[in-house]
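[1] model this:
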Amino acid sequence: MFPRRVLFIENSIGLSGSTMSLTTLLNSLDRSRFEPCIAVSRPEQAAYLREHLQEPAPVALIVPGRGIKQRVWLKRLTEAGSPLPRGLRHGLLRVAGLLDLAVVALPYALRLRAFARNRRIDLIHQNNGFDFGAVFLARMVRKPLVAYQRGDEWNSPLVRWFARRVTRFVANSQATKRSLDALEVPADRMSVVYPPLDLDVFDAARSPRDVRKAFGIQTNEPCIGMVGILMPWKGQRVFLKAIRRLVERVPRVRALVIGAPPPGGEAYERELIQLACDLGIEDRVIFTGFRSDVADLLASLDVFVHASVEPEPFGRVIAEAMAMGCPVVAVAAGGPMEIIEDGRSGLLVAPGDDEALAAGLARLLEDPDLAERMAVQAAHEAVERFSAKAHVGLIEGVYDSALEEYSARR
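    Sure thing, here's the model as predicted:
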């Protein structure tokens, strides 16, 4: 039997956890059963995949058009501070969404179809949740569509109508599943499969490369860090304010802000650098930019921080830090509450509360025995719950069900 050909679509704002999770999936996929081809929306995603895929696969750069909903003038008219009445703001967003179907989603689907036309695909895997373009494509080529949902979805009659055209949904957490429940997706068309970890890379037992020396961090200086794309909702402001409080109790502490902004988000990075100066901690904080050696960086930390001010759908880097045996302080909202048992495999604090975050960090730094117990437990749980092998087995099962269901309908 020939392998089924799967088109993987990676359409996200930049190089982030979704691309890395996709890479892990592709590297563990049974190529005798499923043969991948990949369409990405960013050059950095294409470069990352080509560098990290263990077996080659076609990778095409197919960039969606810029929608009306992304226009600056519309954002100004529809944001909370706009002088327009709330009903009119919502009406404008609905009209813009409908127009984007014609000017963005449909042309994007046509470009995807041109890439897939000669590859005789059997199934589509949309890696970034709900996407109108992927739904259009599935209807055009008459193939089943699996959507890996990575967060909340806008709930509207239009979205609910399109959601019914997705063959199978996979939620990355129970928190994300609740968003799909709100879209009235039937329970028998949904699965919860946590994102995978490459445990050959994120392995607490391996000897990581020493990166502290390159940053000028001394062995007697505690090091705290957070990893993630630089965006306001990720909570880097809260992290910096917590470090300012922590310095009062642990003067020698150093902090790493690991990650880069998405294209067009450079102003926020500059704002964070200025905030560190305004708080008087510019000599304590290092902005590393994007790093591909995340495992080595996590191994260099005394504590890892997750500080998102909006509920994180999952929090893949939390699981990575756990796998590397790094104690974690994360926010008690969304996916992290499914990953961490407070006081056992990490600490949970209120979102947006820099005082509580600083207290949690100080607790772990001042009680090394507690930090070690949590790190050992966290590493054990990460290996048990988030292995790539388990993830791929579940995803391949979803593919089989989607193909069987779609075949039965025809």
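
[2] Next secondary structure after the helix or strand hosting residue 359?
    Using DSSP states H and E, the element containing residue 359 is helix 354-366. Sequence-wise, the next helix or strand downstream of helix 354-366 (DSSP H and E) is helix 368-385.

[3] for that next one, packing partners?
    helix 316-323, helix 354-366 (3 or more CB pairs under 8 Å, 6 or more residues apart in numbering; DSSP states H and E). From N, CA and C alone the C-beta is placed, and that goes for glycine too.

[4] and the first one, C-alpha only, in CSV?
    Extracted in CSV, the C-alpha atoms of helix 316-323 (Å, rounded to 0.1, in the frame of the first residue of the first chain):
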residue,chain,number,x,y,z
ARG,A,316,5.0,24.3,25.0
VAL,A,317,8.1,25.9,26.4
ILE,A,318,7.0,25.1,29.9
ALA,A,319,7.1,21.4,29.1
GLU,A,320,10.5,21.9,27.5
ALA,A,321,11.8,23.6,30.6
MET,A,322,10.4,20.8,32.7
ALA,A,323,12.0,18.2,30.5
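
[5] thought residue 386 was touching residue 317?
    No - if you go by CB atoms under 8 Å, residue 386 and residue 317 don't touch, sitting 11.7 Å apart.

[6] Please work out which residues outside the helix holding residue 359 touch it.
    Applying CB atoms under 8 Å, 6 or more residues apart in numbering, the contact partners of helix 354-366 are 222, 224, 238-239, 241-246, 249-250, 253, 302-303, 305, 307, 327, 329, 347, 349-350, 370-371, 374.

[7] go on, stretch 117-127?
    If you take CB under 8 Å, 6+ apart as the criterion, stretch 117-127 is touched by 4-12, 18, 21-22, 37, 58, 134, 137-138, 141, 143-148, 399, 402-403.

[8] Apply 7 Å and report the result again.
    Defining contact as CB atoms under 7 Å, 6 or more residues apart in numbering, one finds that stretch 117-127 is touched by 4-10, 18, 22, 37, 134, 137-138, 141, 143-148, 399, 402-403.

[9] Which of the helices and strands packed on helix 368-385 sits closest to residue 339?
    When the helices and strands packed on helix 368-385 are compared by CB to CB, helix 316-323 sits nearest residue 339, at 5.3 Å.

[10] buried sites along the closest one?
    Of all the residues in helix 316-323, those buried under the rule 16 or more other CB atoms under 10 Å are 316, 317, 318, 319, 320, 321, 322, 323.

[11] Please produce TSV containing those, extended by distance to residue 267.
    Shown next, in TSV, are the buried residues of helix 316-323 (distance: CB to CB, whole Å):
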residue	distance to residue 267
316	26
317	24
318	27
319	31
320	28
321	28
322	33
323	34
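
[12] could those residues be laid out in TSV, adding pLDDT and distance to residue 269?
    Shown next, in TSV, are those (pLDDT from 0 to 100; distance: CB to CB, whole Å):
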residue	pLDDT	distance to residue 269
316	90	22
317	94	18
318	96	22
319	95	26
320	95	22
321	96	22
322	96	27
323	94	28
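
[13] wait, which of those residues is closest to residue 334?
    Nearest to residue 334 among the buried residues of helix 316-323: residue 318, at 10.8 Å, using CB to CB.

[14] measure that closest one to residue 386 for me?
    Shown here: residue 318 relative to residue 386, a distance of 10 Å by CB to CB, to the nearest Å.
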